[in-house]
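# have a look at this prediction, sequence included:
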4 protein chains.
Amino acid sequence: MKNTFGQSVALTIFGESHGPAVGAVIDGLPSGIAVDRGFIEAQLGKRRPAGKISTARVEADEFEILSGVFNGKTTGTPLAISIPNKNVKSGDYSDVSRLARPGHADYTAHIRYSGFEDFRGGGHFSGRLTAAVVAAGAIAISALDGCGIKIGTHIKSVHGIFDRDFSELPGDIDKLNSLNFAVLDSEAGERMIAEIEKAASEGDSVGGILETAVVGFPAGVGEPFYDSVESLLSHALFSIPGVKGVEFGEGFGFAKLFGSEANDPIRVEGGKVVFETNRNGGINGGITNGMPIIFRLAVKPTPSIFKTQKTIDYLKLENAELTLRGRHDPAIIHRARVVADSVAALTLMDMLAARFGGDFINKVNGMR
Amino acid sequence: MKNTFGQSVALTIFGESHGPAVGAVIDGLPSGIAVDRGFIEAQLGKRRPAGKISTARVEADEFEILSGVFNGKTTGTPLAISIPNKNVKSGDYSDVSRLARPGHADYTAHIRYSGFEDFRGGGHFSGRLTAAVVAAGAIAISALDGCGIKIGTHIKSVHGIFDRDFSELPGDIDKLNSLNFAVLDSEAGERMIAEIEKAASEGDSVGGILETAVVGFPAGVGEPFYDSVESLLSHALFSIPGVKGVEFGEGFGFAKLFGSEANDPIRVEGGKVVFETNRNGGINGGITNGMPIIFRLAVKPTPSIFKTQKTIDYLKLENAELTLRGRHDPAIIHRARVVADSVAALTLMDMLAARFGGDFINKVNGMR
Amino acid sequence: MKNTFGQSVALTIFGESHGPAVGAVIDGLPSGIAVDRGFIEAQLGKRRPAGKISTARVEADEFEILSGVFNGKTTGTPLAISIPNKNVKSGDYSDVSRLARPGHADYTAHIRYSGFEDFRGGGHFSGRLTAAVVAAGAIAISALDGCGIKIGTHIKSVHGIFDRDFSELPGDIDKLNSLNFAVLDSEAGERMIAEIEKAASEGDSVGGILETAVVGFPAGVGEPFYDSVESLLSHALFSIPGVKGVEFGEGFGFAKLFGSEANDPIRVEGGKVVFETNRNGGINGGITNGMPIIFRLAVKPTPSIFKTQKTIDYLKLENAELTLRGRHDPAIIHRARVVADSVAALTLMDMLAARFGGDFINKVNGMR
Amino acid sequence: MKNTFGQSVALTIFGESHGPAVGAVIDGLPSGIAVDRGFIEAQLGKRRPAGKISTARVEADEFEILSGVFNGKTTGTPLAISIPNKNVKSGDYSDVSRLARPGHADYTAHIRYSGFEDFRGGGHFSGRLTAAVVAAGAIAISALDGCGIKIGTHIKSVHGIFDRDFSELPGDIDKLNSLNFAVLDSEAGERMIAEIEKAASEGDSVGGILETAVVGFPAGVGEPFYDSVESLLSHALFSIPGVKGVEFGEGFGFAKLFGSEANDPIRVEGGKVVFETNRNGGINGGITNGMPIIFRLAVKPTPSIFKTQKTIDYLKLENAELTLRGRHDPAIIHRARVVADSVAALTLMDMLAARFGGDFINKVNGMR
């Protein structure tokens, strides 16, 4: 469904960049999950721009929980969150001329919605919507944490500069979740920031790769075809603005491997089944195998740049040049990282609820 | 849903490798599409193994259309196709010992289905299921063809050997659809085949990358978040066994670009909106922009290899060694290509039906 | 899905009786529908209690549109409406004793949500949620009105007192939509009100039957089995609190008819296909036939009564007596009527969008 | 979805009256349910016409299970059943003249499918499709039986002749399930049969009411709004051809009751919660309360009658008279009864799987 995803636990999102609010409704949550406003705020804080490498639009993200929480815990009925847009400049929008920003959805939205779209700041296509996803994701992360599942994402690369690989799980995850600029190698992080600032100084922007690890997820969850872990996660992850690629385990790296390298040897150790390597990213045949789930996202450079660009006026249907002003993000990847965590948590929670029912937390805890 | 995908036009698949049949039900088809048995057969033929680089199990794929076709045309009610499994060797399956094939779903299926899974030949997880997808996809390809949309996939790479890029669309698509081993550069294709044969001679297997182009697809189809073109296509494409990565346009290549390189300049030419480059793969903000839709799939090496592998007996829960016998595919990428076409056609048809209703063929034709 | 319904146009509802707000998100609306705040207010007014026969809790229903409207028209992206709960008395809810109100969901919710439910005023099960449905429904009614489809509901009976039948369509619909107590025969309406007041004076309540007519709906919409008009409408209509029966056309009256009485004779008149009678309520084989769609809802008596009732304390799990205080509706049927209109409009809009795509308004207008 | 229903366990049906086969795919079944071909045959036998009061078309209903069963038990992957149509007379269907049978879907299907529908014997709209539902339902009934849930339906009335009410549950259910003509009062059954034969002798047909009871279903299943037990059951039940009304508990009878009569008093007895009456049919607020689930279906008279009827030729669009020949059912209610059981079992199984996950059988057994 268009702005709803999930079967047993479904997320619906709404809002526009310059409208009254963005928000989310989560339906199907287990009842009794403690809702920690401080944690939601902290997660929103990770998404919020900060410092030289981010846009000047900084909102406090004061959210309101409209329903679904009682005595500090989820009721199990829909939990609605609204995040008002405060830093909005409205204006006169009855123009007869409008330029499509290349790389953005201005033109496609215009065709899709026959000219009725709220185009201000990208409207419904704005990354602002991910604030609602992050707020909802915080509750999913809490739910997963309640059954021993941890999620963490690092900035694997920015414009060709690479972080080190995951080497200690779940320790790396704990480290990442304490950081605002999520890299495992802080020196690489400094070079990434320098690269972003360099692009900014040239009026340009850069992209990168995010890598996420999920540990503690039980084996045997997922379905062979359309509810495969890869299918459901990729569906949700491609909803993150700017994501243009998703891969699991070795991903595109498989193309260069022999089967004898790609197959993860299986062993019994201490009565438990383990895999000696994890090239399949914790998933075989669409079903989790008990190893960490590993995926990577390609995040394209922020389309908003200050260099003059060739484009069209899509109302007049004629060629034009566009020079953006104001301030924009020269990179979003450091902010997108908490969105990746949130989307993964929501989707994995949904899969657990589908597999084990509404009491999945007790069930998963009982399996350990 | 587990084995059903699509909202306006939904595909349901069923079957196991060694069961009586595999099959598919397509529901929501427009009525009046001519059903060409010869074309379905031809598509199934492209999926069928052939020559030294494929498994010896060759089935005629004699399919039966059980419903949904009347006077040679789709009725609009569910079209069910059954493809009997003929080349099946049954046996005694009450064993007390069973080895998990590394890279396959044997172990995860065992956990998922509590030991009741049909494990013979991978059961429901077998690539055999894609025969049903291809048969159904043939009808989708016919429907899209009826409104000027063409789909073609080439083997972009095999184990590090690369085909040339798409350069002439739709000409390249026509060429690919006439080939059994789908490469644009036949010399590269010969080297790929040699590479596959070399792997086979060593009892090993190789993976690769598929690249698909869709031309003629109208602008303005798709939705900003969960029904984005990327979300829906990736959901369906990750259902193809062995696919571990999906990317659109530059995909993971975006990570190395500046925004000024990544944004496609927009122009009006002859009253039509065109993009000077197509780095976004025909999609902005999840919605088609009228340029060719371009995506790539990472296909892992076939897990069935003849080298001895470390694994477990998952009934006894003890370590073991596995040496497969018989014949298996040293690569599936040349066969997976028609599956990619089929999955894309089914998914894109669903999106057109969602956007324009049951009469989408006339509507799309009227837009040209 | 739990609190979401609709495929092409989906409604999600949230909220609790005594929480911060109730609300709705409509996703998939056509873009460009004029959103008339006055009409939404008027519809909410019809749902709001008034006079002696209703509860004393009267809220102004000041709603806020959080998203999806731009320049006074729908954008086509999710339209979120929030209706704050103003007249809420909070208190101390850490009790160790709690009585289930017979006929309400207190006990079942307690089991379903393991004791975490917001039980205040029925929580999420409150009829208060229907305010969100009515606000959303107002937009659906506007959309249908834009393509010549009209909906009206009358109170067919209250505790054995009957209104006259529909006799002039669409005139009867226009009349009903101008009334607060929706009866075609005002004298019958007076007797109904007297009956309700009599029940109220005895601390009791009464139920009744609603009958809805939809005119102008095109033939050929619906599907043979699970998306039949009856299936989809009944699914949505049974979501209205208190509805315990749904019937189409003659409904349960068919049980006493011969086939020769039940079959509607078909004629061509002035080039158009008409049915001489409408015993099938405008639907054959789950698909509309162009005649008015007619259905009836059984609405049970309001469970909140002032007579002492036998019940249990479901925290202590022991028997108890319950005597409610305060003020409650002795009937809700006169308020439920606008909910029926709203639910029908939302569901029928969804069916049109599924059949004809996002531009269904133009398409339906073009068919006349 | 059009021909698919269910979320955790979904049924997809296909086929036409005179096509090669009708069939069903059930996806999401728990693994390990014993599949008893004899029971499936017995259920199909109850649906099959027999004796003077049924059509002469008697098919053996030799079904084939195409997938999803291994070693006699469900695997948990899709279970496909195909039931070939054997007793089919094909012919020349290129006619230029075609008469709509009043009360049937001939005309509406023609509009819906733009003339491409398979109209032979009602095509996809034929009651023949319910054979597939009954076969699938047999497996659901087995699954529910495995956790102590029993379902039975009796013919509550035929053309004004009434059976006695349920008085002993589950004893009455056992009795009904052993009968071909399912009445609790055999003398009433004889009068019903006489009434049907009388209608038949006059070339006419009759309708009636079915009443279903489900015992042993756990409390706390269902959701407040769109996944309420009433919403989901009615959605599925209205898919049965000829059903025009669905009511729960007192249903339309609530319209004549006071709240003090309608509310079921609650008591604790032996540590268990019971209701002194069951006017709400086992459901409060859309959620089961542990009492028997009771619903009734209005089944209209078979539209195929031998009296001359006024209709149209919908190809020529002109008025005509229709006199059917051959043999048809003067009533279908005695056959529809096993369809009601099947639909209820499938839907309730889906609800249990949604609530408790794939292992619902063990979970429900553990609750007793």
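That came through fine. Residues are numbered from 1 along each chain as shown, chains lettered A, B, ... in the order given.

# what does the stretch 51-200 of chain A put close to chain B?
A:100, A:102-105, A:107-109, A:111-112, A:122, A:124-125, A:129, A:157-160, A:199 (CB under 8 Å from any CB of the partner chain). C-beta coordinates here come from the backbone N, C-alpha and C atoms, glycine included.

# mind telling me what element the spatially closest residue to A:Ala345 that is not a sequence neighbour is part of?
Using CB to CB, 6 or more residues apart in numbering or on different chains and skipping the chain neighbours, the partner closest in space to A:Ala345 is A:Ala140 (3.8 Å). Assigned by DSSP states H and E, A:Ala140 belongs to helix A:130-145.

# what angle do the helix or strand that that helix is followed by and helix A:130-145 make?
Using DSSP H and E, the helix or strand that follows helix A:130-145 in sequence is strand A:150-158. Orientation check (axes from the mean of the first three to the mean of the last three CA atoms, to 10 degrees): strand A:150-158 against helix A:130-145 gives 130 degrees.

# now do the contacts for the residue of the stretch 151-300 of chain A found nearest chain D.
As assessed by CB to the nearest CB, chain D sits closest to A:Pro224 within the stretch 151-300 of chain A, at 6.7 Å. Counting by CB atoms under 8 Å, 6 or more residues apart in numbering or on different chains, A:Pro224 touches A:Gly285, A:Gly286, A:Ile287, B:Lys2, B:Asn3, B:Ala105, B:Ala109, B:His124, B:Phe125, B:Leu129, D:Thr77.

# residues contacting the second one?
Translated: A:Gly286. A:222-225, A:227-231, B:105, B:125, B:238-239.

# so which of those belong to helices?
A:Val229, A:Glu230, A:Ser231 (DSSP state H).

# how about the helix or strand that contains A:Gln43 and chain C, touching?
According to DSSP H and E, A:Gln43 maps onto helix A:37-47. No. Applying CB under 8 Å from any CB, one finds helix A:37-47 separated from chain C by no less than 13.7 Å.

# ok and that helix relative to helix A:130-145, angle-wise?
130 degrees.

# what about helix A:37-47, distance to the chain center?
14 Å (CA atoms, centre = their mean, to the nearest Å).

# got the CA positions of it in PDB?
Output of helix A:37-47 as PDB, limited to C-alpha atoms (Å, rounded to 0.1, in the frame of the first residue of the first chain):
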ATOM      1  CA  ARG A  37      10.000   9.600  25.200                       C
ATOM      2  CA  GLY A  38      13.600  10.200  25.900                       C
ATOM      3  CA  PHE A  39      14.700   7.500  23.600                       C
ATOM      4  CA  ILE A  40      12.400   8.700  20.900                       C
ATOM      5  CA  GLU A  41      13.900  12.200  21.300                       C
ATOM      6  CA  ALA A  42      17.400  10.800  21.200                       C
ATOM      7  CA  GLN A  43      16.700   8.900  17.900                       C
ATOM      8  CA  LEU A  44      15.100  12.000  16.400                       C
ATOM      9  CA  GLY A  45      18.200  13.800  17.500                       C
ATOM     10  CA  LYS A  46      20.400  11.500  15.400                       C
ATOM     11  CA  ARG A  47      18.400  12.300  12.300                       C
END
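
# so what does the helix or strand that that helix is followed by touch, helix or strand wise?
Using DSSP H and E, the helix or strand that follows helix A:37-47 towards the C-terminus is strand A:64-65. In this structure, strand A:64-65 makes packing contacts with strand A:79-84, judged by 3 or more CB pairs under 8 Å, 6 or more residues apart in numbering or on different chains; DSSP states H and E.

# just to revisit the earlier point, now the residue nearest to A:Ala345: how far from chain B?
16 Å (CB to the nearest CB, to the nearest Å).

# what's the burial count for that residue?
27 (other CB atoms under 10 Å in any protein chain shown).

# not counting its neighbours along the chain, what's nearest the closest residue to chain B within the stretch 251-368 of chain A?
Closest to chain B within the stretch 251-368 of chain A is A:Gly285: 2.4 Å, counting by CB to the nearest CB. Spatial nearest neighbour of A:Gly285, chain neighbours left out: B:Ala105 (2.4 Å); criterion: CB to CB, 6+ apart.

# who's in contact with the one you found?
Going by CB under 8 Å, 6+ apart, B:Ala105 touches A:Pro224, A:Asn284, A:Gly285, A:Gly286, A:Ile287, B:Gly122, B:Phe125.

# quick check: closest non-adjacent residue to the fourth one.
Here the nearest residue to A:Gly286 in space, its sequence neighbours aside, is A:Ser228; by CB to CB, 6+ apart that works out to 2.7 Å.

# partners of A:Thr74 in the sheet?
A:Val69 (DSSP bridges).

# please report the confidence value the model assigns to it.
You'll see A:Thr74 listed with a pLDDT of 98.
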